[in-house]
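1. Sequence first, then the predicted structure, then my questions.
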Amino acid sequence: AQSVTQLGSHVSVSEGALVLLRCNYSSSVPPYLFWYVQYPNQGLQLLLKYTSAATLVKGINGFEAEFKKSETSFHLTKPSAHMSDAAEYFCAVSGGNQFYFGTGTSLTVIP
Amino acid sequence: GAVVSQHPSRVICKSGTSVKIECRSLDFQATTMFWYRQFPKQSLMLMATSNEGSKATYEQGVEKDKFLINHASLTLSTLTVTSAHPEDSSFYICSASEGALDAGELFFGEGSRLTVL
């Protein structure tokens, strides 16, 4: 069975600071992992995905994530936070024709 | 990327009425669509998986007679909330995939906020 756990339901960073959103996965097979972003009253937009190619995945808006099998992690990072990054972020793993979402992390960017 | 359009984005209805929400894949054929419900500040809860030309598969605890799903074509799935009550007020999101999910990705609609008075 597949699942993801997002550590920290709320993260606050100062504008220009590093963003680190944590995600750990559990999967019985090589996983396909995703990060989505959701702005208020909108659907989800794909930031990036890992599909067993390069372990460091670059996404949109300057985000990237590194797949670490030894740590079963897929943390999302961005070197310098921007005010427009304030949103809800969801980690997800796919398997069995379903997606399994984490509980989400709300990112606040402080000016 | 592929586009999924959801309509309406907001709907307010009276208790006891039915509301239909449409989910369309605009530039691809979606054999499978998913309907989610999202409560404030919470993650997405999968309600049902909609397969074109067959009955939807509902998750445990979701009333299929209350949340009617129809996937009549490869580009359209509809969710009808029947005899809506205030507790049905929520944000409903649909998503679709072009093919097998494992290596693919889900494309999401913009969401529909339902308010039942």
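-> Received, thanks.
2. Which single residue in chain B comes nearest to chain A?
-> The minimum distance from chain B to chain A, using CB to the nearest CB, falls at B:F108 (3.7 Å). Yep, even glycine has a C-beta here, placed from its N, CA and C like the rest.
3. Next, the contact list for the spatially closest residue to that residue that is not a sequence neighbour, please.
-> Beyond its immediate neighbours in the sequence, the residue positioned closest to B:F108 (CB to CB, 6 or more residues apart in numbering or on different chains) is A:G43, lying 3.7 Å away. Applying CB atoms under 8 Å, 6 or more residues apart in numbering or on different chains, one finds that A:G43 lies in contact with B:V4, B:Q6, B:I93, B:S95, B:F108, B:G109, B:E110, B:G111.
4. how about a markdown table for those residues, with distance to B:G53 and secondary structure added?
-> What follows is the contacts of A:G43, written out as a markdown table (distance: CB to CB, whole Å; DSSP: H, G, I helix; E, B strand; the rest coil):
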| residue | distance to B:G53 | secondary structure |
| --- | --- | --- |
| B:V4 | 19 | strand |
| B:Q6 | 21 | strand |
| B:I93 | 23 | strand |
| B:S95 | 19 | strand |
| B:F108 | 23 | strand |
| B:G109 | 21 | coil |
| B:E110 | 26 | coil |
| B:G111 | 26 | coil |
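5. Out of these, which end up buried?
-> In terms of neighbour count (16 or more other CB atoms under 10 Å in any protein chain shown), the buried residues within the contacts of A:G43 are B:V4, B:Q6, B:I93, B:S95, B:F108, B:G109, B:E110, B:G111.
6. For chain A, what lies in contact range of chain B?
-> In this structure, chain A approaches chain B at residues A:32, A:34, A:36, A:41-46, A:49, A:51, A:90, A:92, A:94-95, A:97-99, A:101-104, A:106, judged by CB under 8 Å from any CB of the partner chain.
7. Which helix or strand in chain A has the lowest average pLDDT?
-> Ranked by mean pLDDT, DSSP states H and E, the weakest helix or strand in chain A is strand A:98-101, scoring a mean of 84.
8. Return the residues in contact with the residue of chain B closest to chain A.
-> B:F108 is in contact with A:Y36, A:G43, A:L44, A:Q45, B:V4, B:I93, B:C94, B:S95, counting by CB under 8 Å, 6+ apart.
9. hmm, try it at 7 Å
-> By CB atoms under 7 Å, 6 or more residues apart in numbering or on different chains, the contact list for B:F108 reads A:G43, A:L44, B:V4, B:I93, B:S95.
10. Okay, the second one and B:S73: tell me how far apart.
-> The spacing between A:L44 and B:S73, counted by CB to CB, to the nearest Å, is 23 Å.
11. So if I had to pick from the two, which one is more boxed in?
-> Neighbours per residue, other CB atoms under 10 Å in any protein chain shown: of A:L44 and B:S73, the larger number sits with A:L44, 28 against 13.
12. Hmm, the more buried one is touching A:Q38, no?
-> Yes - using CB atoms under 7 Å, A:L44 is in contact with A:Q38, at 5.0 Å.
13. coming back round to it: need the buried ones from the residues of chain A next to chain B selected in PyMOL.
-> The buried subset of the residues of chain A next to chain B, as determined by 16+ other CB under 10 Å, is captured in PyMOL by this line:
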select buried, chain A and resi 32+34+36+42+43+44+45+46+49+51+90+92+94+95+98+99+101+102+103+104+106
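14. Run through the strands of chain B in chain order.
-> B:4-7, B:10-13, B:19-25, B:32-38, B:44-51, B:57-58, B:67-73, B:76-81, B:90-97, B:107-108, B:112-116 (DSSP state E).
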